[in-house]
Structures are given as structure tokens and as C-alpha cells.
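Chemist: Got a predicted structure here, sequence first:
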Amino acid sequence: MSAADERRQAVLRAIVADYIASQEPVGSKSLVERHNMQVSSATIRNDMAVLEQQGYISQTHASSGRIPTEAGYRAFVDALHDVKPLSAAERRAILEFLEDGVDLEDVLRRSVRLLSQLTNQAAVVQLPTLTVSRVKHCEVVELTPTRLLLVLITDAGRVDQRNVDLAEPIGDDGVRGLRDLLNEALVGKQMREASAALTRVSTNTPPHLADAAARAAEVLITTLVDATPDRLIIAGSSNLLVPSGGLQDVIDALEQQVVVLKLLAGAQELERVSVRIGRENEDEELSSASIVTTAYGAGDAALGGLGVVGPTHMDYPGTMQKVATVARYISRILRGE
């Protein structure tokens, strides 16, 4: 790469950084003064003219400075090799806040709330899908003599609760027996396998528990296995409200969970942060936004996606680092570290 090309890259980085900070067009004089370019304003103007011809920046008015285009943001992001790490105090504060969660869903709710506050954008997270999780335990609790509470816990830390109404009481011994039967059928199995095992539960059950087992199995199959959609938690949508109203379509898209789920479905690789800028997003509603996503999981398996949605002039280095850090800490909590 020639010295002129390297300088133009530095000029582009400076324009993007200054525009992100101010949302004001950036001129050659301010670049020379602020970034110690060690060349004349005329040289910087020539470089800006080349960058404009290449489609990386644009001029909004004849007398104004330049602003980055989507191609300029993409070049800026692709050139980010060393993202500044968070400080030890910031990392400790994030981990302590997440560790106070009482269960996985609480941890994920805290995660998006924290990310939206740290980035001043909207944050989204996908709860682990039951289809890729394995059953860790099924607890059975007697609420009344003829109503039981089933608590299904997966290895991803997800907890789902459902009630079962019985035809007649089964007593404490029956509750314990039903718990043992369900756990024998479910523990260690993925949801598809568990569904098949549940259909056989009532056939291997003592007569006095047959009806209760059949009812419990039906609730687990229909409610927790066959009809469990992906679920999202969203925080900070109001951060996208701007006077121009330019991000209203993005806010509307966030309310359509299918659009966001499609986005997060691509986040399947741990420790890899992806950035989609403007029209790189397939959905028209998100064409004015940038989206930073990654995956969280346990072991080597990705269990869900996590991301931040904001304007194209977002702070890319800071947002990428914060998304990666929060996802890493969710994974640590899932592993019990």
C-alpha cells in the first residue's frame, strides 16, 4: 500500500470517528488540527476528493464538510483490528451486575438492559431455544391436592413452568413417584428425543399414577416441546427516538419479533462479532440502522444471539467490545464459572 493510500485510510478513519462523535460534517481544517495529520489542508482536501470518488464519503452541501457513507462505515469497521478493551473496573461492574441474576432469563434481561445503557442504543437477546437444549431436571410441586406445578430446567439454564390439573389427588408419595418417572424419561435428552420419551411415560407407569403421568406428559409435550417459539427480550427501543423520526421504522421492526429473530439466527459462532450496516440488512425496515451481533452459549455450542441496534453513525469500536464482553460473561455464567 502506498503512503498516499495509507494516509487516505487515516483520513477516512478520522472522518468516521469525528462524525460519530459530533454528527456534524467534517472539514479538512478540523482534521489537520485535531488529528495531527502533518500535511496541509490542501493535501487533506485532495484525499477527501479521492475518498468521495471512491464512495466512502459524501458532501451534503457545496460549502460543508464530508460525512461517511455506508461504504465508509464498512471500510472503517473492516479495518478495526484492535478494539480497545474495557477497563478492569468496567468488566468487573458488568460481571457483578449479571451474576446477581436469579436465573438465566433474569441474567438475559439484565444483559439487554445493561447493553442499552452502555451503548445508548436498543439491545436484543434471544432466549435459548429448547430444541437445542437438554433437560437437566423436571421438578414437580403440589400446589393443591389436584393441581401440580411442573418446572422444567435445561442445561442452558432456561426454566419453564406449567400447571397440571389432576382428576384426583395422588398424595406426597405420588408426587415423588411422578417426579422420578418424568426425570427418568427426560433427563439428558434434547427436546425432540424428550417428546418421544414422554409419549411412552404412561405405558410404564403404576396404575395409580397413570392418569397423572398422562396429563403431565401431555402438558410438557404440547406446551414445552411442540409449541415453544423463540423468545426475545428487547430493551432501550426509546434510545432510537430521534427528532427527525428517521429510526421509527427500526423501532417498528423491533416490535416484529420475526424480523429480529432472523437477524439473531445468523449469530451462531461464539466469540465472533458481526456488523451489518444500513442496506446490508435484508429487511427494508432496518436499512437505516446498523446491527452488531454475536452468540452466547455453553461449551462450544451457541444457544442464542445477542445484539445492539442503532443508527449507522454508532460508536462501532465501543459497541462491538461491549456486545462481545456481555456475551462472554453470559457464557461464563452458563458454564458455572
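Modeler: That came through fine.

Chemist: C-alpha only now, for contacts and for neighbours.
Modeler: OK.

Chemist: Assign a three-state SS to residue 331, would you?
Modeler: With DSSP: H, G, I helix; E, B strand; the rest coil as the basis, residue 331 sits in helix.

Chemist: who does residue 59 bridge with?
Modeler: Applying DSSP bridges to residue 59 gives these bridge partners: residue 66.

Chemist: which residues touch it?
Modeler: 52, 65-67 (CA atoms under 8 Å, 6 or more residues apart in numbering).

Chemist: which among those residues gets closest to residue 280?
Modeler: Nearest to residue 280 among the contacts of residue 59, counting by CA to CA, is residue 67 at 18.7 Å.

Chemist: That closest one and residue 20, how far apart?
Modeler: Relative to residue 20, residue 67 is positioned 10 Å away (CA to CA, to the nearest Å).

Chemist: So these two - more neighbours on which side?
Modeler: residue 67 (25 against 18; other CA atoms under 10 Å).

Chemist: what are the ranges of the helices in the stretch 151-300 of the chain?
Modeler: 171-186, 191-199, 210-219, 248-255, 257-265 (DSSP state H, counting those that start in this stretch).

Chemist: Need the ones you listed in CSV (columns: mean pLDDT).
Modeler: Formatted as CSV, the helices of the stretch 151-300 of the chain follow (pLDDT from 0 to 100):
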stretch, mean pLDDT
helix 171-186, 90
helix 191-199, 78
helix 210-219, 89
helix 248-255, 82
helix 257-265, 77
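
Chemist: Quote the end-to-end distance of stretch 30-44.
Modeler: First-to-last residue span, stretch 30-44, CA to CA: 10 Å.

Chemist: my bad, should have said stretch 16-32
Modeler: 15 Å.

Chemist: between the helix or strand hosting residue 304 and helix 257-265, what angle do the directions make?
Modeler: Per DSSP states H and E, residue 304 falls inside strand 301-311. Using axes from the mean of the first three to the mean of the last three CA atoms, to 10 degrees, the inter-axis angle of strand 301-311 relative to helix 257-265 is 120 degrees.

Chemist: where does the stretch 1-150 of the chain dip in pLDDT?
Modeler: 1, 62-63, 82-83, 129-132 (pLDDT under 70).

Chemist: ok, which stretches of it are strands?
Modeler: For the stretch 1-150 of the chain, strands defined by DSSP state E, counting those that start in this stretch occupy the ranges 57-59, 66-68, 122-126, 135-144, 147-154.

Chemist: Hmm, residue 264 and residue 306 touching each other?
Modeler: Yes. Between residue 306 and residue 264 there is a contact at 6.8 Å, judged by CA atoms under 8 Å.

Chemist: So these two - more neighbours on which side?
Modeler: Counting neighbours by other CA under 10 Å for residue 306 and for residue 264 shows that residue 306 has the greater number, 29 against 23.

Chemist: if we can go back for a sec, now distance to residue 97 too, for the helices of the stretch 151-300 of the chain, in CSV please.
Modeler: Putting the helices of the stretch 151-300 of the chain into CSV (distance: least, CA to CA, whole Å) gives the following:
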stretch, distance to residue 97
helix 171-186, 33
helix 191-199, 31
helix 210-219, 35
helix 248-255, 25
helix 257-265, 24
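
Chemist: what's the most buried one of those?
Modeler: A comparison of those by mean neighbour count, using mean count of other CA atoms under 10 Å, puts helix 210-219 on top with a mean of 20.

Chemist: can you pull the contacts of residue 56?
Modeler: 12, 68-73, 75.

Chemist: By neighbours, which of those residues wins?
Modeler: For these, neighbours tallied by other CA under 10 Å; top is residue 68, 27 neighbours.

Chemist: how close does it get to residue 61?
Modeler: From residue 68 to residue 61 the distance is 14 Å (CA to CA).

Chemist: same check, this time on residue 315
Modeler: To residue 61, residue 315 is 24 Å away according to CA to CA.

Chemist: Tell me the spacing between the residue in the chain sticking out farthest from the centre and residue 70.
Modeler: Ranked by distance from the centre of the chain (CA atoms, centre = their mean), the top residue is residue 207, with 47.0 Å. For residue 207, the distance to residue 70 equals 68 Å [CA to CA].

Chemist: Domain boundaries for the chain, per the record?
Modeler: Structural domains assigned to the chain are 3-78, 88-129+230-334, 131-225, following automatic domain parsing.

Chemist: so which of those is the most packed in?
Modeler: It is domain 88-129+230-334: most buried of the domains of the chain by mean count of other CA under 10 Å, with a mean of 19.

Chemist: How far does that one stretch from one end to the other?
Modeler: From start residue to end residue, domain 88-129+230-334 stretches across 21 Å - CA to CA.

Chemist: Show me the two of the contacts of residue 59 that sit farthest apart.
Modeler: Maximum distance among the contacts of residue 59 (CA to CA): 11.3 Å, for 52 and 65.
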